[in-house]
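>>> Sharing a model that was predicted from the sequence below.
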Amino acid sequence: MMEVASASDKTLQDLLDPSNKQEAGRWDEVFKRAYSHPHEAQRLWGGKTLLQIAVSSNAPYHVISALVGAYPRATLRSPYMTSALFDACRCNASDDIIALILQTSLEQRKIVNIPKFAPFTWMNDIQVSLSQVELMLDMHPAGATDRDDYLGGVNALNQMIDDWDWMVHDVSEYPNGGTRSKTLDVMYQKIQMLLRAKDVLATKTSADTYVTALRPLHSILRYCLYEQTPKTDSCGGYDFQGLLTIIKFMAKVDAEQFAARDSSGNLPLHLILGHRHSGTPASDALAGMIRTVLDAHPLAIKEKDASGCLPLHLAASNQAISPACCRILMDAAPNVLLIADGVSGLYPFQAAASSESDAGAPLNTDTSRLELVHKMLLGAPHVLNHDVGDKSRENGTVGGGDIWPHENICRDCKDNVSHMKEELDALRERTTLLERENMKLRGFVGDFGSPGNIRKRSKSAWV
């Protein structure tokens, strides 16, 4: 663009100086100067681009358009990590200005060789309205999960989830209301918009279909537990604290979705128990999620997932679920200890003893897991009288649970089940020894005979 002489000696920086009072015709001068001297639009003032200063000063659309045309890169981040798009939202600029800046920044990202950054990581700011979030996500739905290399790989959805815990504490400090009392409601609506953008983009469905087919609770569980690797806490475990506080909030404002199944036929409890991150999970947060889900929908403990597994069977066979979490499920429905899994044919104690980690290391090398197996057997000692896949009991039941034939054991479990006879005999012997030690500690001293005789004793001798 050819530069021509201007009647005014004032530069764009002079004209946009925030310390100057508003003058009549000022914006017309800025508009003309942007066209006559476009190189001046590249300058910074107080760490901000001149475009940011104009946006913050409520410049009209034609002025913003002229500045964007003079220096399109100003729509990207400034060297001081600030953004003209955020300033436009913060200052309640018109939708046309917001759309112009966003569209230009997306185009510049493809042209300029810069590290990947997410344009929406500041959406959790209370100054950004719901209508602005909706507009930007409609234009760029991938912005919900675009990762920001400058911020350690986080994205807008991560940022919202991670900040939820401190927002809850912040709001609790101001119980008498004010704008803070509405903060969580607004943030929850923003999270719903971000989740909708993520899911609509991933499934290529319309927004109308999303409303009826997917629930925010299912979507956020799938995202946090399946679609990304969560960050770790100070102890090296996965940090699910933000997710836990959001789930607790959902239980208060929208408890119905805890009893709803997703498109795959799973309840929220099934999604929590089915995740298989190979690292160490944050047991306290997972335990809190399980308790919250059961409080909101107690019947979930007795409902099978899409593959036909009960919650305790899912937890017992999953290394990512700690023994402490399994005990919560056992206490909620102790009778499930007597029921063989409809998929693998295994009882909970067998699933806990034979399950393997993603890396292939057997779980029964973990002392806490062995203690869990022992506790399961103490809760349901009668299961030792039954063999897995025993065809003579094909139509029998134990405590209301089916004894499934070997043919019904899922293909993935057959390698483990083929060795179950030998493992079961060894486990029975080990259990007998532990029971003897337990009885001696409780005052039952003497020779209790064979394992068979021990099992024939009254239940009162077991506890």
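The structure has been received and is ready for your questions. Residues are numbered from 1 along each chain as shown.
>>> Wait, a helix at Leu299?
Yes - using DSSP: H, G, I helix; E, B strand; the rest coil, the assignment for Leu299 is a helix.
>>> I'd say it and Leu269 touch.
No - under the criterion of C-beta atoms under 8 Å, Leu299 makes no contact with Leu269, lying 10.0 Å away. Where C-beta positions appear, they are placed from N, C-alpha and C, glycine not excepted.
>>> More neighbours: these two, which one.
Neighbours of Leu299 and Leu269, each counted by other C-beta atoms under 10 Å, are more numerous for Leu269; the result is 26 against 10.
>>> need the contact list for the more buried one.
Ile290, Val293, Leu294, His297, Ala300, Ile301, Glu303, Pro311 (C-beta atoms under 8 Å, 6 or more residues apart in numbering).
>>> Now for this protein, the helix or strand with the poorest mean pLDDT.
Counting by mean pLDDT, DSSP states H and E, the weakest-scoring helix or strand in the chain turns out to be strand 397-398, with a mean of 36.
>>> Taking the contacts of Leu269 together, which two end up most distant?
Taking C-beta to C-beta, the two most distant members of the contacts of Leu269 are Ile290 and Glu303; they sit 14.1 Å apart.
>>> The two: which is more packed in?
Ile290 (24 against 15).
>>> How much space separates the more buried one from Asp284?
11 Å (C-beta to C-beta, to the nearest Å).
>>> again with Leu378
25 Å.
>>> How about Ala54?
From Ala54 to Asp284 the distance is 49 Å (C-beta to C-beta).
>>> same question, Val171
22 Å.
>>> repeat for Val186
Distance, Val186 to Asp284, using C-beta to C-beta: 28 Å.
>>> cool, and Arg33?
60 Å.
>>> Leu337 now?
From Leu337 to Asp284 the distance is 24 Å (C-beta to C-beta).
>>> out of those two, which sits in the more crowded spot?
Between Leu337 and Asp284, Leu337 has the larger neighbour count (other C-beta under 10 Å), namely 25 against 16.
>>> Spatially nearest residue to that one, not counting backbone neighbours?
Ala380 (3.7 Å; C-beta to C-beta, 6 or more residues apart in numbering).
>>> Excluding residues flanking it in the chain, which one is nearest Gln228?
Asn158 (7.7 Å).
>>> Show the average pLDDT along the host helix or strand of the one you found.
Assessed by DSSP states H and E, Asn158 sits inside helix 156-172. Per-residue pLDDT over helix 156-172 has a mean of 82.
>>> which residues are contacting stretch 321-338?
273, 281, 283, 286-287, 290-291, 294, 298, 301-302, 310-316, 347-349, 352, 368-369, 371-372, 375-376, 379-380, 382-383, 398-401.
>>> Mind doing that once more with 7 Å?
Outside of stretch 321-338, the residues within contact range by C-beta atoms under 7 Å, 6 or more residues apart in numbering are 273, 281, 283, 286-287, 290-291, 294, 301-302, 310-312, 315-316, 348, 368-369, 371-372, 376, 379-380, 382-383, 398-399, 401.
>>> got the buried residues for that stretch?
321-323, 325-330, 332-333, 336-338 (16 or more other C-beta atoms under 10 Å).
>>> mean confidence score for that stretch?
Mean predicted lDDT for stretch 321-338 stands at 92.
>>> Grab the nearest non-local neighbour of Asp163.
Asn124 (5.3 Å).
>>> cool, and Leu299?
Ala259 (7.4 Å).
>>> Any figure for the gap between that neighbour and Leu244?
19 Å.
>>> So which of the two has more stuff around it?
Counted by other C-beta under 10 Å, Ala259 and Leu244 do not tie: Leu244 has more neighbours, with 22 against 15.
>>> so how far is Ala285 from the more buried one?
From Leu244 to Ala285 the distance is 5 Å (C-beta to C-beta).
>>> residue ranges of the strands in this structure, please?
44-45, 48-49, 397-398, 401-402 (DSSP state E).
>>> avg pLDDT for stretch 14-27?
Across stretch 14-27, the average pLDDT comes to 75.
>>> I should have written stretch 272-280 there, sorry.
So the average pLDDT for stretch 272-280 ends up being 72.
>>> One more: stretch 352-360?
According to the model, stretch 352-360 has a mean pLDDT of 60.
>>> Drop anything exposed from the contacts of Leu269.
Buried members of those, scored by 16+ other C-beta under 10 Å, are Ile290, Val293, Leu294, His297, Ala300, Ile301, Pro311.
>>> quick one: contacts for the last one?
By C-beta under 7 Å, 6+ apart, the contact list for Pro311 reads Leu269, His270, Leu273, Ala300, Ile301, Leu329.
>>> quick one on the thing from earlier: out of the buried ones among the contacts of Leu269, who's nearest Tyr71?
Nearest member of these to Tyr71, counting by C-beta to C-beta, is Val293, at 51.6 Å.
>>> separation between the closest one and Ser219?
The value you get for Val293 to Ser219, if C-beta to C-beta is used, is 15 Å.
>>> do Leu310 as well
From Leu310 to Ser219 the distance is 24 Å (C-beta to C-beta).
>>> More neighbours: the two, which one.
The neighbour count for Leu310 versus Ser219, taken as other C-beta under 10 Å, is higher for Leu310 (24 against 21).
>>> quick one: the more buried one and Leu299 touch, right?
No - counting by C-beta atoms under 7 Å, Leu310 stays clear of Leu299, with 12.0 Å between them.
>>> Can you check the pLDDT for Asp96?
97.
>>> how far away is it from Arg327?
58 Å.
>>> swap in Leu67?
62 Å.
>>> Give the burial count for the closest residue to Arg276 other than its chain neighbours, as a bare number.
Distances taken as C-beta to C-beta, 6+ apart place Ala320 nearest to Arg276, at 5.3 Å, with adjacent residues excluded. Ala320: 22 surrounding residues under other C-beta under 10 Å.
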